[in-house]
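1. Pasting a predicted model and its sequence here:
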Amino acid sequence: MAGLYVHVPFCASRCIYCGFYSTIPTRQKDNGLTIEEQYVNALCNEMQLRANELDEPIRSIYLGGGTPSQLTYKSLQQIFSTIKKAFHITWNKNNSPLEITMECNPDDVTDTFVRDLQKLPINRISMGVQTFSDERLRFLHRRHTADEVELAIKRLRKIGIHNISIDLMFGFPNETMNEWKSDIDRAIQLNVEHLSAYSLMYEEGTPLYQLLKNGKVKEMDDELYRQMYDLLINGLTQAGYEHYEISNFAKLKPQRSNFKGQTSKGRDQSPFRSLHNSSYWHNVPYIGLGAAAHSYNNSKRSWNVADIKAYISALKDNKRPYEEEFIDEDTHYNDMIMTALRTREGLQLSTLSEPYQDYLMRLAKPLIQQNLLKEDDGWLHLTHNGIYVSDAIMSDLMKI
């Protein structure tokens, strides 16, 4: 199985923490077309050029960004129509084995938006909520308010979207434990099927990083991070979510605990795990379409130019503007360490050749003795304690 990612690099405004490639489009026309129309035409051309690139059937489609919910219905219709033709996909929205996700901003989910959504094959929505504090939303330069999140979810439920994911952030400057608990409680009350949570990151080149550099904000310390992360894990697992990846939680019936030394063998998995994101963690090939999008097929990875105008120009000439690198055995091993160990199941040792298994287990032995890693029935995974130093563990296990 394989994944298909479509990058939509348009936003109505820029958040201060965002390091993804995106731009604020104008409505000016060039040769009778807006930049959105030109970009979507280029996207569809890339799909047709790469239609035979995958040897496996597609199991997930993901529209990310940027803000895909900023696209017009006409553009979305054109994208899905071309996907269907180029990749020979058939779908039934109400009974589809495909997971088809679109990222949305809560304030974009209007009555008109959901009416249009009903005509598209999308069956999963991912919303960037970030926080339920209007003050912190303004600090991030987010466009929506906390109340708009609940209204958006009600509208999506009304048209039959029963797989909704929200993103949350923690570790804001001066944020208290009570404020973070309030965000977690609000998220649980919404009863969404999936939740991703990340600490606020200060990426170089972003306005937030500049505030940090100028001494106007401070990063949270490691102890507060641990307390907030513990509160997140405990709150969501008690509410019936499966902690299936370091930053991701999915509704699970009955309730299960994770990352405490257990393997997944003999235990239920949530039906609401993100199939598409799981592709990245479990060595599944995927195609990335659009400016700055990445692709992977086990032997090589490639990435399109991070420039909308250059992307559009190249595709007009039926050329894909990209770079690529071939993946040697050591790089492939390192990639698996960085991705599979993020998950509840961890890394299946049998997927490695015997020399790499021996190398890994030799390095893992002292970490197992320190209760940071555990090996169960041929799977190596993080323990609960190991999550907090996961970056250091992965670094220790890599081939240099």
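-> Done, it's in.

2. in which helix or strand would I find the residue nearest the centre of the chain?
-> Of all residues in the chain, the one closest to the mean position by Cα atoms, centre = their mean is residue 277, 5.7 Å from it. Taking DSSP states H and E as the criterion, residue 277 maps to helix 275-281.

3. Residue 250 is in contact with the residue nearest to the centre of the chain, correct?
-> No - counting by Cβ atoms under 8 Å, residue 277 stays clear of residue 250, with 10.5 Å between them. Bear in mind the C-beta positions are built from the backbone N, C-alpha and C, glycine included.

4. where exactly do the strands run in the stretch 151-300 of the chain?
-> Residue ranges of the strands in the stretch 151-300 of the chain, as given by DSSP state E, counting those that start in this stretch, are 164-170, 194-199, 241-245, 248-251, 286-289, 294-296, 300-304.

5. cool, the stretch 301-400 of the chain as well?
-> Using DSSP E, counting those that start in this stretch, strands in the stretch 301-400 of the chain cover 322-326, 347-348, 373-376, 379-382.

6. Packing partners of the shortest one?
-> Contact analysis of strand 347-348 by 3 or more Cβ pairs under 8 Å, 6 or more residues apart in numbering; DSSP states H and E lists helix 329-340, strand 379-382 as its packing neighbours.

7. mind checking which of these is nearest residue 358?
-> Residue 358 lies closest to helix 329-340 among these, at 12.0 Å (Cβ to Cβ).

8. Report the inter-axis angle for the closest one versus strand 300-304.
-> With axes from the mean of the first three to the mean of the last three Cα atoms, to 10 degrees as the basis, helix 329-340 and strand 300-304 are set at 70 degrees to each other.

9. Tabulate the CA atom coordinates of stretch 234-247 in PDB.
-> Taking C-alpha atoms only, stretch 234-247 is exported to PDB below (Å, rounded to 0.1, in the frame of the first residue of the first chain):
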ATOM      1  CA  ASN A 234      -2.600  10.500  31.600                       C
ATOM      2  CA  GLY A 235      -5.600  12.700  30.600                       C
ATOM      3  CA  LEU A 236      -6.100  11.200  27.100                       C
ATOM      4  CA  THR A 237      -5.500   7.600  28.100                       C
ATOM      5  CA  GLN A 238      -8.000   7.900  30.900                       C
ATOM      6  CA  ALA A 239     -10.400   9.300  28.400                       C
ATOM      7  CA  GLY A 240     -10.100   6.300  26.100                       C
ATOM      8  CA  TYR A 241      -7.400   7.300  23.700                       C
ATOM      9  CA  GLU A 242      -4.600   5.000  22.500                       C
ATOM     10  CA  HIS A 243      -1.100   6.600  22.700                       C
ATOM     11  CA  TYR A 244       0.200   5.000  19.500                       C
ATOM     12  CA  GLU A 245       3.000   7.400  18.600                       C
ATOM     13  CA  ILE A 246       5.000   9.900  20.600                       C
ATOM     14  CA  SER A 247       2.800  12.900  19.700                       C
END
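
10. In that stretch, which residues are buried?
-> 235, 236, 237, 239, 240, 241, 242, 243, 244, 245, 246, 247 (16 or more other Cβ atoms under 10 Å).

11. In contact with the residue nearest to the centre of the chain, which residues?
-> For residue 277, the contacting residues are 245, 248, by Cβ atoms under 8 Å, 6 or more residues apart in numbering.

12. Distance of it relative to residue 311?
-> Noted for residue 277: a distance of 24 Å to residue 311, by Cβ to Cβ, to the nearest Å.
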